[in-house]
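In: Here is my input, please return the structure:
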Amino acid sequence: MSKIKFSKYLVLISIFTFIAIFFSVVSQSYNNLIKSTAEIENNPLIRSVSPDLDLNVLNEIEKRQELSSPSLDVNNLNEVENKIEPVL
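Out: Just a heads-up that it's a prediction; the model follows:
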């Protein structure tokens, strides 16, 4: 059986290629990690909520008047229907 001989040049190129790919993957992973962290810090929609209640707002809500819905008088429905003119 004959032995397969690798040239030193081929081994050297493969080692440098492996190192370059390794650092490329590590660099891209680190950039993705930093990018996602920066997006969270800059996004105004993602922020912590304060558990403290503002009592002034609650007092303003209590002062508001409730809107009452107009009550329908069933007896007057026939009169309302008679007053409506048909449109042709």
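In: need the next SSE after the top helix by length along the chain, C-terminal direction.
Out: For the chain, the helix with the greatest residue count under DSSP state H is helix 8-42. Next along the chain after helix 8-42, taking DSSP states H and E as the criterion, comes helix 55-63.
In: Need the contact partners of that following helix.
Out: Outside helix 55-63, no residue is within contact range by CB atoms under 8 Å, 6 or more residues apart in numbering. C-beta coordinates here come from the backbone N, C-alpha and C atoms, glycine included.
In: Now it - C-alpha only, PDB.
Out: Coordinates of each C-alpha in helix 55-63 appear next as PDB, following Å, rounded to 0.1, in the frame of the first residue of the first chain:
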ATOM      1  CA  LEU A  55     -52.800  58.800  42.600                       C
ATOM      2  CA  ASN A  56     -53.500  62.100  40.800                       C
ATOM      3  CA  VAL A  57     -54.500  60.100  37.700                       C
ATOM      4  CA  LEU A  58     -56.800  57.900  39.800                       C
ATOM      5  CA  ASN A  59     -58.500  61.000  41.200                       C
ATOM      6  CA  GLU A  60     -59.000  62.500  37.800                       C
ATOM      7  CA  ILE A  61     -60.600  59.300  36.600                       C
ATOM      8  CA  GLU A  62     -63.000  59.300  39.600                       C
ATOM      9  CA  LYS A  63     -64.000  62.900  38.800                       C
END
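In: for the record, mean pLDDT for it?
Out: For helix 55-63, the mean pLDDT works out to 85.
In: Could you pull up the mean pLDDT of the longest helix of the chain?
Out: Across helix 8-42, the per-residue pLDDT values average to 89.
In: Okay, buried residues for that helix please.
Out: The neighbour-count criterion (16 or more other CB atoms under 10 Å) identifies no buried residues in helix 8-42.
In: can you offset everything so residue one is 647?
Out: Sure thing, new numbering starts at 647, so read that last one as helix 654-688.
In: for that helix, packing partners?
Out: For helix 654-688, there is no helix or strand it packs on, judged by 3 or more CB pairs under 8 Å, 6 or more residues apart in numbering; DSSP states H and E.
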